[in-house]
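*Asks:* got a sequence here, can you build the structure:
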Amino acid sequence: MNRFFAEAGREFISLLPAVPAILWAISFHEFCHGWAALRCGDPTAKDAGRLTLNPMAHFDLWGALCMFLFHFGWARPVPIDPYNFRRPRRDLFLVSVAGVAGNTLTAVAAGLAIRGLVRFFPAVLFGNYGLQQVLIAFVTINLNFAVFNLIPVPPLDGSKLLALVLPRTARPAFEWLDRYSLPVLLALIYLGVVGRLMSPAVRWGLRLILG
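*Replies:* Now for the predicted structure:
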């Protein structure tokens, strides 16, 4: 029993550096969606109080659990009204990719911070294990979050991008997928399909960002 609690304690401590990265990834992702929608003429997210970096405003239980367990997941989507967009098709595309862009920029910024510290202040980075782990978590989690959200299964951003180019004949199948999206998504994650799909893109991104 003591061994179990010791291992559980070590596991919990190992997760601590991921907490700020997860909270930021979720919050900034949805904030970017809301900000892009506002710039395109739709104030729905702002009026709903979702144009914020407060993670509790964007919390989704299943998505958050997946983030902690697998380092990829989702948040509660911000509400948008495409009828407010100035150019609906273009603006829906911009809003859909805004969250992924925000996470990618965060991963790149954290990677640049690591590279800068290694080059100019190595003692700061290598003398502070906690800082190392937090920065690495910001890179990996935000990159995972960006790639994961491009998967074309609702409620992920990839599904909205797919809907823009989907022929009318495929709409019934897409509507069925939308109706049963959560169990389908959880099954794909549990079976390891999502991990296998994401792995090449994530590895390539990590090599590009961290060198």
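
*Asks:* and after the lowest-mean-pLDDT helix or strand in the chain, which helix or strand comes next?
*Replies:* Sorting the helices and strands of the chain by mean pLDDT, DSSP states H and E puts helix 2-15 at the bottom, at a mean of 48. For helix 2-15, the following helix or strand on the C-terminal side (DSSP states H and E) is helix 18-39.

*Asks:* which neighbouring elements make contact with whichever helix or strand comes after that following helix?
*Replies:* Beyond helix 18-39 on the C-terminal side, the first helix or strand identified by DSSP H and E is helix 44-47. Packing contacts for helix 44-47, counted by 3 or more C-beta pairs under 8 Å, 6 or more residues apart in numbering; DSSP states H and E, involve helix 18-39. Just so you know, the C-beta spots here come from the backbone N, C-alpha and C atoms, and that holds for glycine as well.

*Asks:* and the helix it packs on, average pLDDT?
*Replies:* Taken as a whole, helix 18-39 has a mean pLDDT of 94.

*Asks:* which parts of that helix are buried?
*Replies:* 18, 21-38 (16 or more other C-beta atoms under 10 Å).

*Asks:* contacts only, for residue 82.
*Replies:* 42, 88, 91-92 (C-beta atoms under 8 Å, 6 or more residues apart in numbering).

*Asks:* out of those, which are buried?
*Replies:* Counted by 16+ other C-beta under 10 Å, the contacts of residue 82 give 42, 91-92 as buried.

*Asks:* show me what contacts residue 158?
*Replies:* 149-152.

*Asks:* quick one: which of those has the most company?
*Replies:* Compared across the contacts of residue 158, residue 149 has the highest neighbour count, 25 neighbours, by other C-beta atoms under 10 Å.

*Asks:* buried set for the helix or strand containing residue 177?
*Replies:* Assigned by DSSP H and E, residue 177 belongs to helix 171-179. Neighbour-count burial for helix 171-179 flags residue 177 (criterion: 16+ other C-beta under 10 Å).

*Asks:* which outside residues touch that helix?
*Replies:* With C-beta under 8 Å, 6+ apart, helix 171-179 has contacts from 153-154, 159, 162-163, 166, 184.

*Asks:* start and end of stretch 142-154, how far apart?
*Replies:* Its first and final residues considered, stretch 142-154 spans 19 Å by C-alpha to C-alpha, to the nearest Å.

*Asks:* give me the contacts around it.
*Replies:* In contact with stretch 142-154 (C-beta under 8 Å, 6+ apart) are residues 21, 24-26, 29, 67, 71-74, 99-100, 103-104, 106-107, 110, 156-159, 161-162, 177-178, 181, 184-185, 188, 194, 197-198, 201-202, 205-206, 209.
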